[in-house]
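**Student:** Here's my sequence, what's the structure:
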Amino acid sequence: MKRIHLLAPLSLFALHVSLFSATRLARDLPELKSHLQAAQPGDTIQLAPGEWADLDLKLTLNGTADAPITLTGDTNGNTRITGRSRIALSGEHIILSHLVFSHAEPPADTEALVSFRTSDSDYAHHSRLRHSVFDSCNPSDPARRYAWVRLYGTHNRVDHNRFRNQAHSGVTVQVRMLTPDAQHRIDHNHFLDRPKGDGNGYECIQIGQSQDSRSLGSCLVENNLFERCDGETEIISSKTCNNVIRGNLFYESAGTLTLRHGTDSLVENNTFIGNHKPDTGGVRVIDSGHTIRNNTFHSLTGYTGGIIVLYAGIPDSPLNGYFPAHRVLVQGNQFYDCQAPLIQEKGGYNERGRTLLPQDYRIQNNTTLATPPDHHNLRPPEVGPAWQSPQRQTN
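**Tutor:** The predicted model follows:
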């Protein structure tokens, strides 16, 4: 009886949320703003199907873990956001879902199409962007730079989205480290058709910046698909400590998974398939304490000197420089039909002041395959929005 008595308040709270939460349809902007102002934990506000042009929203909402506040489009993907549009959010337990950003561009002096903050000090926590599409959201001025999604705060998630045809400078999904130990999760997204840019700033995912290289990121990047992502050298750029990058598939993408700054990150169970496309690389390893294990590299031509490249460092390196790849473990990786050194232990040595060779690293149980791995069923499960069918059949 005592256990039932202790659980009763939680059950009553769940019943209260169930009875009083609501789904409200917004057919125009005044109706949308009215619904947002009245939103309570557990409520869902749905944007009607059709085109929402020049939609500029700053949302400060507070749901709960059991009863988040959801802003969603039509569940079949018929809610299109176009023109000069952006959504900024702060608070807790907010969900953005089933939105299609098509040929949209954020308004002037704003930083992203979706930003997890509404001001310099107001961030979102425990919030989520899911089952949405960002397609060809390029600026009218080719010189303009912005991210498509910027993460602030802590414990946020970006999952099951499709990011297609980003042809301008600016990271697709960028983590800004204004709070320590961010613990964001970026998973089951489909990044595709990013053409080669003209320098830095064309990453698909960036976790932190150079000044954050001694900060805990503790972010998880898993089960994403990167397809023909050729923007720059770094497809994923990890610049903080203690990140985990696992289970991702890189398909015909000219670039690398780069541990650019920070220590003690884990790269495991990723698959790289190049099909002999030029500049298809593997993993660049900079700084110390990383583990690179159980990854598969197939038909890569190599980039920056090899497939797995352990970098030399600069003596007394500045934070934006190069720290040597000390105490790195490279274990259990598989290589097939790669046309570059499989493990390069002197990456960038004697270039740009890099005179410190990696030390105390271990290379164990890596194998070269005689027959190609089976490409079937390599696609990470449930990648992209649930309402969109896969656009590529795996070879």
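**Student:** mind listing the helices in the protein by residue range?
**Tutor:** Applying DSSP state H to the chain gives helices spanning 2-20, 29-37.
**Student:** Going by mean pLDDT, which of those comes out lowest?
**Tutor:** Per-stretch mean pLDDT for the helices of the chain is lowest at helix 2-20 (a mean of 41).
**Student:** thought Ser238 was touching Thr263?
**Tutor:** No. Shown here, Ser238 and Thr263 do not form a contact pair, counting by C-beta atoms under 8 Å, at 10.4 Å. C-beta coordinates here come from the backbone N, C-alpha and C atoms, glycine included.
**Student:** for Arg194, what are its contacts?
**Tutor:** Contact analysis of Arg194 by C-beta atoms under 8 Å, 6 or more residues apart in numbering lists Asn165, Gln166, Ala167, Thr172, Tyr202, Cys204, Arg228, Cys229, Asp230, Gly231.
**Student:** Then Tyr152?
**Tutor:** Residues in contact with Tyr152 (C-beta under 8 Å, 6+ apart) are Ser115, Phe116, Arg117, Tyr123, Ala124, Arg176, Leu178, Thr179.
**Student:** Ok, Ala65 next?
**Tutor:** Residues in contact with Ala65 (C-beta under 8 Å, 6+ apart) are His93, His126.
**Student:** Compare Ser238 and Thr263 and say which is more crowded by neighbours.
**Tutor:** Higher neighbour count among Ser238 and Thr263: Ser238, with 31 against 19, using other C-beta atoms under 10 Å.
**Student:** measure that one to Val267 for me?
**Tutor:** Plainly put, Ser238 is 9 Å away from Val267 if you go by C-beta to C-beta, to the nearest Å.
**Student:** Quick check: neighbours shared by those two?
**Tutor:** Common contact partners of Ser238 and Val267 (C-beta under 8 Å, 6+ apart): Ile245, Leu259.
**Student:** Stretch 155-171: end-to-end distance?
**Tutor:** End-to-end distance for stretch 155-171, by C-alpha to C-alpha, to the nearest Å: 20 Å.
**Student:** again with stretch 285-300
**Tutor:** 17 Å.
**Student:** mean confidence for that stretch?
**Tutor:** pLDDT averaged over stretch 285-300 gives 98.
**Student:** Check which residues of that stretch are buried.
**Tutor:** Across stretch 285-300, burial judged by 16 or more other C-beta atoms under 10 Å covers 285-300.
**Student:** What of stretch 47-57?
**Tutor:** Buried, per 16+ other C-beta under 10 Å, within stretch 47-57: Leu47, Trp52, Leu55, Leu57.
**Student:** Stretch 310-320 too?
**Tutor:** Residues of stretch 310-320 classed as buried: Leu310, Tyr311, Ala312, Gly313, Ile314, Ser317 (neighbour count, 16+ other C-beta under 10 Å).
**Student:** Need the contact partners of that stretch.
**Tutor:** 210-211, 213-214, 261, 284-287, 321-325, 328, 330, 343-350, 352-358, 361.
**Student:** Run through the residues that contact Thr179.
**Tutor:** Applying C-beta under 8 Å, 6+ apart, we find Thr179 in contact with Tyr123, Tyr152, Gly153, Thr154.
**Student:** can you pick the most crowded of the residues you listed?
**Tutor:** Going by other C-beta under 10 Å, Tyr152 tops the contacts of Thr179 with 26 neighbours.
**Student:** Relative to Asn242, how far out is it?
**Tutor:** With C-beta to C-beta as the criterion, Tyr152 and Asn242 are 18 Å apart.
**Student:** Likewise for His276?
**Tutor:** For His276 relative to Asn242 (C-beta to C-beta), the value is 35 Å.
**Student:** Quick check on the two: which one has the bigger neighbour count.
**Tutor:** Neighbour count, other C-beta under 10 Å: between His276 and Asn242, Asn242 has more, with 18 against 12.
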